[in-house]
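A.B. asks: Quick one: sequence plus predicted model below, questions after.
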2 protein chains.
Amino acid sequence: MPSERELVKKITRKLYAKKNVLVKAGEDDAAIVEIGGKQLVFTTDIGFRATHFPKQMSFKDIGFKTVCVNLSDLAATGAKPECILASVGIESRMKAKEVQELARGMNKACKKYDASFVGGDTKKARELTVSICAIGEIVEGARALKRNNARVGDVVCVTGEIGNAVCGLKILLEKQTRKKNKRNKNKTRKTKHAKLVHAFTHPIPRVQEALVLSKQCKRCAAIDCSDGLLFTLKEIADANNVKITIHKNKIPVSKEARKYAGENRLNEKQLLDTGEDYELVVCMSEKDFGRVKKKIKLIEIGRVEKGRGVIVDGKQTQTKGYDAFLV
Amino acid sequence: MPSERELVKKITRKLYAKKNVLVKAGEDDAAIVEIGGKQLVFTTDIGFRATHFPKQMSFKDIGFKTVCVNLSDLAATGAKPECILASVGIESRMKAKEVQELARGMNKACKKYDASFVGGDTKKARELTVSICAIGEIVEGARALKRNNARVGDVVCVTGEIGNAVCGLKILLEKQTRKKNKRNKNKTRKTKHAKLVHAFTHPIPRVQEALVLSKQCKRCAAIDCSDGLLFTLKEIADANNVKITIHKNKIPVSKEARKYAGENRLNEKQLLDTGEDYELVVCMSEKDFGRVKKKIKLIEIGRVEKGRGVIVDGKQTQTKGYDAFLV
């Protein structure tokens, strides 16, 4: 099997698209289709028990997160959430109450980010499966954010801390492998690392930030960095034939993540490039940056320059990012 | 675990919906949301290898069918297909070529029924999983078809033959259990029953018929009978507090299906109520029926009357229909 990205590239080359498809499958985080004079944005994401939902995560949290992950892809396009649909595969050992908890988590995310929960499907499956489809809209007067919108001279920034989620995932997985008789100790550990675990279980889709960016910026490139920050920068660099130069000490890594990484042999590359953070990585002109950072939190981490690739503290960086086939 | 329908009922009661949601989750085959002055229709359906895709079905056929199943739900609402998204779980033993075949099948259905294939997601999974989301639109001058639109006096009709698909499924499952050294014999059998197998692998979503119905009928109730004809009639009867009376000899069952059922101990109830047929079951006034049947194929099978339940040849019928949790 080739990598996920190679395979997807091959498949998306030949897909049927009518004239009103403005951004096609595979071109960006989400597709854009013009319907009724509106630019509508469509995205989908599927997750499976064995690879995506640690056992320590509650059903409610799984529901909440799976919706947020999709809303994050809408945000990366600058879209306002409109509605979501959820298809769920249910293991035979699951109880009705657990399925309801899952739906409750999804609904909580829908309420929080103002997306109607309009449909779904449930079937029996070998492992818990959650497939979400999210639909958004580019509001009037706004411009869609596109990954190929970066230009030489742009400021490169992120909307929040990087690395918390991968620490949170590691804490959850560790807890999973421990023995039952150590339950109390685990509990202490969870409380101690509440912020990191929460970053993994409750990612914040940058919906509000996306609306400000799509309304305020003349031109703006954005992707969420859920596949890893360095990899995401590489994607932007490649899509625009430019070089992105960043400085490690500018990347906002929390003191909690730094401490946890130091104590648990998580190296810097793992911290910055494993993914699961749902911050937006954004490139825009200095002028736009100056204006927009007064309205939303934006942390400058580098610049777009002439050339190719991603340069971290002066060194070219190799990165493969998250590959769904290799986990 | 309660039945699928009971659980879904509980869940859908409390889902978050903005004011522009005209038909909510659980109310019909698909949700209707007003966006940009248009009525957009949303539906999703998920299938798993173990329960939905017989081993004898090719990846291309699986791709084709999964899209058609979703387009059929759009058709039941009278919507014109706009676009689809597909999330796929891939077994580790699958080859890249097989994933491409699956996508090719999906794309073939998209082309055939003029739906753009705008997005997707691929992940590793324990069993082949296909989740499709389809988006359609009620065209200008048309009215959405709703299941609660039936009235006493209406003609009850179907758009095509009932029972072919369940025979086709049985033929495929039989082939699966036979030994490899009988391959040639199997081949003969497939050719012999080509029509029945094709009905299962290549259901026809009644997209064209739906457009005529939504444009031409003043009031029209429709559901696709994929969960079984009798069960579908029961759903319409319950949603409208009416009785539906049908006559068995009016139901269009092909001579091939009758012959196969006779030779293979498939009783009449199994033939008519197992499901997998994607014909529309439609109720409309006699006047509309007279006009519309000149444009599309509609076979009258009964009438809507005062009362409750489904009456077949004078007898009240009990039916549970397809339940995803009990297969």
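C.D. replies: Nice, thanks for sending it over. Worth saying up front: this structure is predicted, and the values here are computed from it rather than measured.
A.B. asks: A:Glu174 belongs to a helix, doesn't it?
C.D. replies: Yes: secondary structure of A:Glu174 (DSSP: H, G, I helix; E, B strand; the rest coil): part of a helix.
A.B. asks: what's around it, how many residues?
C.D. replies: 14 (other CB atoms under 10 Å in any protein chain shown). Yep, even glycine has a C-beta here, placed from its N, CA and C like the rest.
A.B. asks: Would you map the strands across the stretch 51-200 of chain A?
C.D. replies: A:80-90, A:116-124, A:129-137, A:155-158 (DSSP state E, counting those that start in this stretch).
A.B. asks: got the angle between the second one and strand B:129-137?
C.D. replies: Spelled out, that is strand A:116-124. 150 degrees (axes from the mean of the first three to the mean of the last three CA atoms, to 10 degrees).
A.B. asks: check whether strand A:116-124 contacts chain B.
C.D. replies: Yes: among the residues of strand A:116-124, A:Ser116, A:Phe117, A:Val118, A:Gly119, A:Gly120, A:Asp121, A:Thr122, A:Lys123, A:Lys124 lie within reach of chain B under CB under 8 Å from any CB of the partner chain.
A.B. asks: didn't A:Ile246 look like it was pressed against A:Cys157?
C.D. replies: No: in this structure, A:Ile246 is not within contact of A:Cys157 by CB atoms under 8 Å, at 10.1 Å.
A.B. asks: Next, show the common contact partners of those two.
C.D. replies: Common neighbours of A:Ile246 and A:Cys157, using CB atoms under 8 Å, 6 or more residues apart in numbering or on different chains, are A:Ile301.
A.B. asks: Outline the domain layout of chain A.
C.D. replies: A:16-137, A:147-316 (automatic domain parsing).
A.B. asks: Extract the residue ranges of the stretch 151-300 of chain A that are flagged as low pLDDT.
C.D. replies: Scanning the stretch 151-300 of chain A for pLDDT under 70 picks out A:178-190.
A.B. asks: all helices for the stretch 151-300 of chain A, in order.
C.D. replies: A:164-177, A:183-192, A:194-201, A:207-216, A:229-240, A:255-263, A:268-273, A:286-292 (DSSP state H, counting those that start in this stretch).
A.B. asks: Out of those, the one nearest B:Tyr278 is which?
C.D. replies: helix A:207-216 (37.2 Å; CB to CB).
A.B. asks: Output the closest one as CSV, restricted to C-alpha atoms.
C.D. replies: Extracted C-alpha coordinates of helix A:207-216, given in CSV (Å, rounded to 0.1, in the frame of the first residue of the first chain):
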residue,chain,number,x,y,z
VAL,A,207,-14.5,28.9,14.3
GLN,A,208,-14.5,32.4,15.7
GLU,A,209,-11.0,33.1,14.5
ALA,A,210,-11.8,31.8,11.1
LEU,A,211,-14.7,34.2,10.7
VAL,A,212,-12.5,37.1,11.6
LEU,A,213,-9.8,36.0,9.2
SER,A,214,-12.2,35.4,6.3
LYS,A,215,-13.8,38.8,6.9
GLN,A,216,-10.8,40.9,7.6
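A.B. asks: and it, anywhere near chain B?
C.D. replies: No: contact between helix A:207-216 and chain B is absent, the nearest approach being 14.5 Å (criterion: CB under 8 Å from any CB).
A.B. asks: who touches that helix?
C.D. replies: Helix A:207-216 is contacted by residues A:71, A:74-81, A:113, A:138-139, A:141-145, A:159, A:220, A:222, A:280, A:282, A:284, A:288, A:291-292, A:295-297 when judged by CB under 8 Å, 6+ apart.
A.B. asks: Chain B contacts on the stretch 101-250 of chain A?
C.D. replies: By CB under 8 Å from any CB, the residues of the stretch 101-250 of chain A that approach chain B are A:103, A:107, A:110-111, A:114-127, A:129, A:131, A:133, A:135, A:137.
A.B. asks: My reading is that A:Ile46 lies in a helix. Confirm?
C.D. replies: No: A:Ile46: not assigned to a helix; according to three-state DSSP it is strand.
A.B. asks: now the residue lying closest to it once chain neighbours are set aside: how far from B:Ala125?
C.D. replies: Nearest residue to A:Ile46 in three dimensions, chain neighbours excluded: B:Ser87, at 3.7 Å (CB to CB, 6 or more residues apart in numbering or on different chains). According to CB to CB, to the nearest Å, B:Ser87 and B:Ala125 sit 10 Å apart.
A.B. asks: can you pull out the helices in the stretch 1-150 of chain A?
C.D. replies: For the stretch 1-150 of chain A, the helices defined by DSSP H, counting those that start in this stretch occupy A:4-12, A:49-52, A:59-75, A:96-112.
A.B. asks: so which of the ones you listed gets nearest B:Asn164?
C.D. replies: Nearest of those (CB to CB): helix A:4-12, 31.5 Å.
A.B. asks: Kindly calculate the angle that the closest one makes with helix A:229-240.
C.D. replies: Going by the same axes, to 10 degrees, helix A:4-12 makes 30 degrees with helix A:229-240.
A.B. asks: Just the CA atoms of helix A:4-12, as CSV, please.
C.D. replies: Once non-C-alpha atoms are left out, helix A:4-12 reads as follows in CSV (Å, rounded to 0.1, in the frame of the first residue of the first chain):
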residue,chain,number,x,y,z
GLU,A,4,-2.3,7.7,2.3
ARG,A,5,-1.5,10.9,0.5
GLU,A,6,-0.2,9.2,-2.6
LEU,A,7,-3.3,7.1,-2.9
VAL,A,8,-5.6,10.0,-2.3
LYS,A,9,-3.8,12.0,-4.9
LYS,A,10,-4.3,9.2,-7.5
ILE,A,11,-8.0,8.9,-6.6
THR,A,12,-8.9,12.6,-6.5
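A.B. asks: Please compute how far that helix lies from its chain's middle.
C.D. replies: 20 Å (CA atoms, centre = their mean, to the nearest Å).
A.B. asks: Check whether it comes near chain B.
C.D. replies: Yes: contact of helix A:4-12 with chain B (CB under 8 Å from any CB) involves A:Glu4, A:Leu7, A:Val8, A:Lys10, A:Ile11, A:Thr12.
A.B. asks: Now a ChimeraX select for only the buried ones of the residues of the stretch 101-250 of chain A next to chain B.
C.D. replies: Filtering those down to the buried ones (16 or more other CB atoms under 10 Å in any protein chain shown) takes a single ChimeraX command:
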select /A:103,107,110,115,116,117,118,119,120,121,122,123,124,125,126,127,129,131,133,135,137
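A.B. asks: And the closest residue to A:Thr245 other than its chain neighbours, its phi and psi?
C.D. replies: Counting by CB to CB, 6+ apart, A:Thr245 lies nearest to A:Ile311, which is 4.4 Å off, once chain neighbours are set aside. A:Ile311 has phi and psi values of phi -110, psi 120 when expressed as degrees, to the nearest 10.
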